[in-house]
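Colleague: I'd like to go over a predicted model; first the sequence, then the structure.
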Amino acid sequence: MTLQQDIVNKHHLRVTSSSKRLINCHTVDVNQLMPLKYHWAWEHYLNGCANHWMPSEVPMAKDIELWKSNLLSEDERRVIMRNLGFFATAESLVGNNIVLAIFRHVTNPEARQYLLRQAFEEAIHTHTFLYIVESLNLDQGEIFNMYNEINSIHAKDQFEMELTKAILQPTFTTQTKEGARIFLENLIGFYIIMEGIFFYSGFAMILSFLRHNKMVGIGEQFQYILRDETVHLNFGIDLINEIKDENPDLWDTSFIKKIESQIEHSVELEILYAQDCLPKGILGLTAPMFRDYVEYVADRRLERIGLKPKYGSKNPFPWMSETIDLGKEKNFFETKVNEYRSASNLTW
């Protein structure tokens, strides 16, 4: 082959944005970032970078003082412990799923760029719960083994782990219609259900403490986590919807019914978890209120992936609307976020 022929062949292999696909792309080098096709993936990556934080930046002195005092009721302590127990392992499950299951089968570099950022954020979230446990001098074994010992937590984690099992098999591929559906089901299970439904009850519970000026360090860290999770959720929804558009044969009536059934099941799992956390009311929260809240959140998630809302429930926590914007990202801080953003904007 002459040098000129080699140059011509390489020219024909040049990447174009139109040749990119999110899964099952055979014509584009997965490592070649430019030219961008999925600008939403790059925007989510930039938003994640702008939101960077570390748990050790949040002071815990007031939390330690309050935890050591007799000013927290046993029911309040139960809510905090249950949420630490759930999130401590749930964040690890999400991170493992990204690295071991999702990343391998996404064939688009800008989407992979965001997945790398999200995996790092999941590590920060896991670090956060270790930081809280150490600050409050809690029993580490009790918190991090709660997914084995508390039925309502185990049921949610087991639900998610089942969605990862098939993808982790060495022979799994998205090349078949069935394999691509299993992969899409995994994405919905982790982005829509785990991060979009399971996490939000915990956010409401812990942020209610912050509203009452209790456990403010934990509350601030949950705000940071919530801000990250909002970007995770938005990326996941864009990823799911784009895969649907590129592979319309996956999204048929039988698959839709399966997804709707899984979301309905997840709502009941989350309601059981809320009942376990709140056998009695605290801080204006009761377990029955969480049925309405979880159903309200589930309807928003169904709508975002093109499905009809099922429940029609109202948001029982109007104050949450000021803290959580279910439709888009929202900044919760007036100092650190702006500092990071301004530091990343260069003027040439």
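Modeller: Happy to help now that I have it.
Colleague: Okay, now the unreliable bits of the stretch 101-250 of the chain?
Modeller: Within the stretch 101-250 of the chain, no stretch has pLDDT under 70.
Colleague: Show the residue spans covered by the helices in it.
Modeller: 103-105, 109-135, 140-144, 146-149, 151-165, 177-187, 199-211, 216-246 (DSSP state H, counting those that start in this stretch).
Colleague: Next up, the contacts around the residue nearest the centre of the chain.
Modeller: Among the residues of the chain, the one closest to the centroid is Glu195, at 3.4 Å (C-alpha atoms, centre = their mean). Glu195 is in contact with Val94, Glu229, His232, Leu233, Gly236, counting by C-beta atoms under 8 Å, 6 or more residues apart in numbering. To be clear about C-beta, it is placed using only N, CA and C from the backbone, and glycine gets the same treatment.
Colleague: Count the neighbours of the fourth one for me.
Modeller: Looking back up the chat, that one is Leu233. By the criterion of other C-beta atoms under 10 Å, Leu233 has 22 neighbours.
Colleague: distance of it from Met60?
Modeller: 27 Å (C-beta to C-beta, to the nearest Å).
Colleague: Over to the third one?
Modeller: Using C-beta to C-beta, one gets 25 Å for the distance from His232 to Met60.
Colleague: more neighbours, the two?
Modeller: The residue with more neighbours, out of His232 and Met60, is His232; 25 against 21, by other C-beta under 10 Å.
Colleague: so that one sits right up against Arg117, yeah?
Modeller: No. Contact between His232 and Arg117 fails when scored by C-beta atoms under 8 Å: they sit 9.8 Å apart.
Colleague: Excluding residues flanking it in the chain, which one is nearest Arg78?
Modeller: Residue nearest to Arg78 in three dimensions, not counting chain neighbours: Cys277, with 6.7 Å by C-beta to C-beta, 6 or more residues apart in numbering.
Colleague: ah, wrong one, I meant Asp63
Modeller: Closest to Asp63 by C-beta to C-beta, 6+ apart is Gly217, at 4.2 Å.
Colleague: dump the residue contacts of that neighbour.
Modeller: Going by C-beta under 8 Å, 6+ apart, Gly217 touches Val58, Pro59, Met60, Ala61, Lys62, Asp63, Ile132, Ser135.
Colleague: The residue nearest to Arg78 against Glu76, yeah?
Modeller: No. Shown here, Cys277 and Glu76 do not form a contact pair, counting by C-beta under 8 Å, at 10.6 Å.
Colleague: the more surrounded of those two?
Modeller: For the pair Cys277 and Glu76, the greater number of neighbours falls to Cys277 (26 against 20), based on other C-beta under 10 Å.
Colleague: What pLDDT is listed against that one?
Modeller: Looking at Cys277, its pLDDT stands at 96.
Colleague: Same question for the one 5 residues further on.
Modeller: Ile282 carries a pLDDT score of 92 in this model.
Colleague: how far away is the closest residue to His127 other than its chain neighbours from Lys214?
Modeller: In space, His127 comes closest to Pro55 once its chain neighbours are excluded; the distance is 5.7 Å by C-beta to C-beta, 6+ apart. Between Pro55 and Lys214 the computed distance is 19 Å (C-beta to C-beta).
Colleague: And Phe290, by the same measure?
Modeller: For Phe290, the distance to Lys214 - C-beta to C-beta - is 19 Å.
Colleague: More neighbours: which of these two?
Modeller: More neighbours surround Phe290 than the other of Phe290 and Lys214, with 24 against 19 (other C-beta under 10 Å).
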